[in-house]
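In: got a predicted structure here, sequence first:
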Amino acid sequence: MCEARGLFSPSKERSDTLRQRIKGTPKGLYISCIYFVCIFIYVCTYLKYMNQETIQLMSYVKTSKYRQKVLKILLEKDFMTPKDIAENVDLRLNHISMTLGELKNKKLVNCVNEDMKRGRFYKITELGKKIINWFGDKNE
């Protein structure tokens, strides 16, 4: 912590030494170092504020290809019925219905017309978007 404090508020002597180091460093390397530090700070901040519930939900989705497929297809389209989802992800309707129920209980998807017996539409929630976007293309 002392080193970081000294780096951000250097004395005259330290400031001169820092300028000499920067002058001798190729510009691209210097920019790369700044970029790396910015990314590092962002990742540390992100992990610090990521709560335990979010981590558990990520693990929950990660353990099931069905959950991942359903969330990905709902991310691409606004509203879908279980039948539409089943046709798009090439899974059986009973598996999709069960998966949607699980995801709904975890607040990752919403049913927008609960009162309907048939033809229910499902939509991904903001939390669901956050979770599935975390995976990106890692699972493909």
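Out: On my side now, so go ahead. Numbers count the residues shown, from 1 in each chain.

In: so the nearest residue to F79 once chain neighbours are set aside versus G101, what's the distance?
Out: Nearest non-adjacent residue to F79, counting by Cβ to Cβ, 6 or more residues apart in numbering: F121, 4.2 Å away. (C-beta placed from N, C-alpha, C; glycine too.) Here F121 is placed at a distance of 15 Å from G101 (Cβ to Cβ, to the nearest Å).

In: part of a helix, is N110?
Out: No. Assessed by DSSP: H, G, I helix; E, B strand; the rest coil, N110 does not belong to a helix; its assignment is strand.

In: burial measure for Q56, as a count.
Out: Neighbour count for Q56, taken as other Cβ atoms under 10 Å: 11.

In: pull the contacting residues for it.
Out: The contact partners of Q56, by Cβ atoms under 8 Å, 6 or more residues apart in numbering, come to none.

In: distance of it from E102?
Out: Distance from Q56 to E102, by Cβ to Cβ: 14 Å.

In: how about residues contacting stretch 71-81?
Out: So stretch 71-81 is contacted by 61, 84-85, 88-89, 103, 108-109, 112, 119-124, 128-129, 131-133 (Cβ under 8 Å, 6+ apart).

In: are any of the residues you listed buried, and which?
Out: Burial by neighbour count, judged by 16 or more other Cβ atoms under 10 Å, picks out 61, 85, 88-89, 103, 108-109, 120, 122, 124, 128, 131-132 from those.

In: so which of the contacts of stretch 71-81 sit within helices?
Out: In helices, defined here by DSSP state H, the members of the contacts of stretch 71-81 are 61, 84-85, 88-89, 103, 128-129, 131-133.

In: for Q52, state which of the residues you listed is nearest.
Out: I131 (13.9 Å; Cβ to Cβ).

In: please list all residues in contact with the closest one.
Out: Per Cβ under 8 Å, 6+ apart, neighbours of I131: 54, 57-58, 61, 71, 108.

In: change it to 10 Å
Out: By Cβ atoms under 10 Å, 6 or more residues apart in numbering, the contact list for I131 reads 54, 57-58, 60-62, 67-68, 71, 103, 106, 108, 124-125.
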